[in-house]
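K.L.:
Below is the structure, and that's it, no one-letter string:
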């Protein structure tokens with residue numbers, strides 16, 4: 001292995017990522033290595049890691065290679081594998097543009113949550129086709145401190161519990177996973193969004209991301225929030241026949257989410273590459289021992 005490994009650092013509405021370009025899937029990134037890289041004091045720091053691999057070179061993505069050249073092998077900050085990350089897809093696309101693998105216009109990205117369509121606009125904003133939401137039946141409750149709220153179960157390729165609250169401060173510090181019930185609703189854990197209204201079709205949210213703690217933003221979470229808000233507000237596009245667009249304020253900025261009458265969900269927001277450099281492979285090897 002080379003003694004140095006290239007990396008970049010980027011963020012989408014301050015949901016930040018370590019980016020490791022590895023087209024041929026030649027770099028071993030076990031969970032301990034990912035956790036070390038994402039450590040904010042002893043590593044580079046990030047809410048997660050974007051491992052950039054050609055779909056044909058990754059066993060989990062070869063079946064998508066005909067549709068998407070590139071696979072976003074996404075990892076949470078603790079090293080665990082996640083199905084999807086909406087902010088991560090935008091930053092992934094920005095990296096592909098910066099590296100010359102994509103230009104303005106449309107492209108596709110393979111993820112564990114399926115192939116995602118992406119549009120890079122001239123003004124710099126990136127829109128991601130996030131697929132369709134699934135709304136599993138059954139009541140769900142989430143808590144924080146001594147409070148608890150009913151929550152909407154929304155699956156965006158990864159699981160979410162969306163609770164509407166009067167004050168976002170009621171969510172507490174979100175350092176540990178908010179308790180939820182029933183346990184059977186989320187056997188592999190869940191991303192929990194606490195949501196407060198800011199105006200017509202305008203909400204603000206805080207989120208505990210499974211495996212990462214509270215983050216400044218969560219793209220799939222913003223989509224789940226918009227879907228839950230539309231159902232609460234009687235604005236289900238499948239019923240009304242018109243798209244529902246919500247502005248979702250996150251701690252790190254603003255995302256615009258539109259759900260089409262056929263269920264397709266689009267997320268628009270910024271993506272920024274802030275730095276690039278090299279990881280010392282010897283440090284990485286010692287960090288995971």
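P.N.:
Good, I have the coordinates. This is a predicted model, so every value here is computed, not measured. Numbering: from 1, shown residues only.

K.L.:
check contacts around the residue positioned nearest the centre of the chain.
P.N.:
Nearest residue to the geometric centre of the chain (CA atoms, centre = their mean): residue 85, 2.3 Å. Contacts of residue 85 were listed using CB atoms under 8 Å, 6 or more residues apart in numbering, and they are 15, 48, 72, 74, 218, 219, 220. All C-beta spots, glycine's among them, are computed from the backbone N, C-alpha and C.

K.L.:
which of the residues you listed sit farthest apart?
P.N.:
Farthest pair in the contacts of residue 85 (CB to CB) is 72 and 218. Separation: 15.4 Å.

K.L.:
ok, now which ones touch the closest residue to residue 245 other than its chain neighbours?
P.N.:
Sequence neighbours aside, residue 258 is the residue nearest to residue 245 in space, at 4.4 Å (criterion: CB to CB, 6 or more residues apart in numbering). Taking CB under 8 Å, 6+ apart, we find residue 258 in contact with 243, 244, 245, 246, 265, 266, 268.

K.L.:
What strand or helix carries residue 258?
P.N.:
strand 253-259 (DSSP states H and E).

K.L.:
For that strand, list every residue counted as buried.
P.N.:
With burial defined by 16 or more other CB atoms under 10 Å, the residues of strand 253-259 counted as buried are 253, 254, 255, 256, 257, 258, 259.

K.L.:
just stretch 98-116 next, same as before
P.N.:
101, 102, 107, 108, 109, 110, 111, 112, 113, 115, 116.

K.L.:
before we move on, back to that, neighbour-wise, give me the winner out of the contacts of residue 85.
P.N.:
Comparing those by number of neighbours (other CB atoms under 10 Å), residue 218 comes first, having 37 neighbours.

K.L.:
Tell me the pLDDT of that residue.
P.N.:
Model confidence at residue 218, given as pLDDT, is 94.

K.L.:
Against residue 283, how distant is it?
P.N.:
Between residue 218 and residue 283 the computed distance is 30 Å (CB to CB, to the nearest Å).

K.L.:
and what of residue 243?
P.N.:
Residue 243 sits 49 Å away from residue 283, going by CB to CB.

K.L.:
One more: residue 110?
P.N.:
For residue 110, the distance to residue 283 - CB to CB - is 30 Å.
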